[in-house]
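Peer 1: need a 3D model of the sequence below.
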Amino acid sequence: MVAENPAFSTQQPGIAFYCPIKWDKTYYTFTGFRDPEQELEQARRVEPTLSLWLRNNEPEATKKQNASLPRREELKRLKRELIQKLGLLDIRWQRKWGVAHKCCQLQSLGRLSTQNGLNVQFFTDQSGMNASGHVMLGTMDVHHQWTKLFERLPSYRSMFQQSDWLKECISHLLGGIQVIHIERMGPALPLEEHYSTLNTFHKRLLPQRLSLHPRSMQGLTMSLENDRSTPYLHEMGHFIIPTMCDTLQLQNFLQSQAQEARRRMRRKDKLEAEEEDIISSCLQDLSLHSLCKEPSVSSSQMIPCCRRLMEERSPQMQGLHLCISHFYSVMQDGDLCIPWDWKG
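Peer 2: Next comes the predicted model:
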């Protein structure tokens, strides 16, 4: 035992010193007693049923949605006027910002009053042009950075045309397969990076004489990835090819997996058509104001989710904006997020 020096003691006379006992995990294993920390963690993991969560959160969602109605109408008006004024096909947002935030972004764009003849504008984390040829306006950038971007648009358009030319060349070398870009979660792929990837891959293919029939891969699609080491066939039927892939390995893989890729693409088309139908039915049957899903929710997850929602037929959803996601949440404008695998 070590004696404590009274000069350094923080304990006051007459006050009992409290120190909670924390047992080692093996204590609970050998004694059979319940571990309070483990029970607390399990309690946190218990997910509520959909009906219980709606009962607790629908009033708040309805209140927020009603408060956001004027802002939603303002957003529709601003978007419609800017599309017409700037000759755009559409204006989109990469992230799920609130309605007020979106209105501010459109108002900022409107002040520039620039006639650009663009196809689509995205509000994202950075300014530039993405791999699909859409103009990206960084939400953290100031107006003069947007103006500089508009001045550089001719060079961006030229790079985009060169990217399309490289895709056609790669397609010709690989039996007619179509090179596509898959939009993923996270930051958008800048056009400069996409062009560099296509150029590198094209240069690797050129010296090789692959024995693929000119039309043997027609109707199939592939995307390029810099951080992958082996070729891969996605469950939706498109090939994911490493930029630095060995060309002989690539040829053998494409030829051996072509039939399976076509089967998966037919399945994907069937799923997407079924998903579109069931979303329409769900909107009508549940009297929802809108129904959407996060990009990370697949068709094979969305379809059974919508079926179960129509079976549940909760009246608390009527008139609400519903987003199928991976978690429960009430957004700032009253949109409801529920997990695709919600518990009944």
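Peer 1: now do the SS call for residue 324.
Peer 2: strand (DSSP: H, G, I helix; E, B strand; the rest coil).
Peer 1: which residues are in contact with it?
Peer 2: Contact partners of residue 324, counting by CB atoms under 8 Å, 6 or more residues apart in numbering, are 291-294, 297, 301-302, 305-306, 337-340. (Glycine included, C-beta is placed from N, CA and C.)
Peer 1: could you report the separation of it from residue 163?
Peer 2: Shown here: residue 324 relative to residue 163, a distance of 33 Å by CB to CB, to the nearest Å.
Peer 1: same question for residue 152.
Peer 2: In terms of CB to CB, residue 152 sits 16 Å off from residue 163.
Peer 1: quick one, which of those two is more surrounded?
Peer 2: residue 163 (22 against 12; other CB atoms under 10 Å).
Peer 1: isn't that one up against residue 194?
Peer 2: Yes: if you go by CB atoms under 8 Å, residue 163 and residue 194 touch, sitting 6.2 Å apart.
Peer 1: who touches both of these two?
Peer 2: residue 131.
Peer 1: can you show me the helices along this protein?
Peer 2: 25-31, 36-45, 50-86, 99-112, 143-151, 153-173, 191-205, 247-286, 299-312 (DSSP state H).
Peer 1: now those in JSON lines, with distance to residue 124 and mean pLDDT?
Peer 2: Shown next, in JSON lines, are the helices of the chain (distance: least, CB to CB, whole Å; pLDDT from 0 to 100):
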{"stretch": "helix 25-31", "distance to residue 124": "46", "mean pLDDT": "60"}
{"stretch": "helix 36-45", "distance to residue 124": "34", "mean pLDDT": "58"}
{"stretch": "helix 50-86", "distance to residue 124": "16", "mean pLDDT": "92"}
{"stretch": "helix 99-112", "distance to residue 124": "11", "mean pLDDT": "85"}
{"stretch": "helix 143-151", "distance to residue 124": "12", "mean pLDDT": "83"}
{"stretch": "helix 153-173", "distance to residue 124": "15", "mean pLDDT": "95"}
{"stretch": "helix 191-205", "distance to residue 124": "13", "mean pLDDT": "95"}
{"stretch": "helix 247-286", "distance to residue 124": "25", "mean pLDDT": "96"}
{"stretch": "helix 299-312", "distance to residue 124": "25", "mean pLDDT": "96"}
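Peer 1: just send those back as CSV, with distance to residue 128 too.
Peer 2: Below are those laid out as CSV (distance: least, CB to CB, whole Å):
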stretch, distance to residue 128
helix 25-31, 52
helix 36-45, 41
helix 50-86, 18
helix 99-112, 16
helix 143-151, 7
helix 153-173, 7
helix 191-205, 7
helix 247-286, 30
helix 299-312, 30
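Peer 1: closest one to residue 93 among the ones you listed?
Peer 2: helix 99-112 (6.3 Å; CB to CB).
Peer 1: ok, and what's touching the closest one?
Peer 2: 68, 71-72, 74-75, 78-79, 81-82, 85-86, 91, 93, 97, 121, 123, 137, 139, 143, 146-147, 150, 333.
Peer 1: now it: buried residues?
Peer 2: Neighbour counts over helix 99-112 (16 or more other CB atoms under 10 Å) mark 99, 101-103, 105-106, 108-109 as buried.
Peer 1: of those, which is the nearest to residue 50?
Peer 2: residue 99 (25.2 Å).
Peer 1: quick revisit: list buried residues within the contacts of helix 99-112.
Peer 2: 68, 71-72, 74-75, 78-79, 82, 86, 91, 97, 121, 123, 137, 139, 146, 150, 333.
Peer 1: name the nearest residue to residue 233, ignoring sequence neighbours.
Peer 2: With CB to CB, 6 or more residues apart in numbering as the criterion, residue 233 has its nearest non-adjacent residue at 5.0 Å, and that residue is residue 257.
Peer 1: that neighbour: how many residues sit nearby?
Peer 2: For residue 257, using other CB under 10 Å, the count is 17.
Peer 1: you'd agree residue 323 is up against residue 296?
Peer 2: No: look at residue 323 against residue 296 with CB under 8 Å: they stay out of range, at 11.7 Å.
Peer 1: the two: who's more crowded?
Peer 2: Each of residue 323 and residue 296 has its neighbours counted (other CB under 10 Å); residue 323 has more, 17 against 11.
Peer 1: quickly list what that one is bridged to.
Peer 2: Bridge pairing for residue 323 (DSSP bridges) gives the partners residue 292, residue 337.
Peer 1: count of neighbours near residue 136?
Peer 2: Residue 136 has 23 nearby residues by other CB under 10 Å.
Peer 1: list the contacts for it?
Peer 2: Contacts of residue 136 (CB under 8 Å, 6+ apart): 121-124, 126-130, 188.
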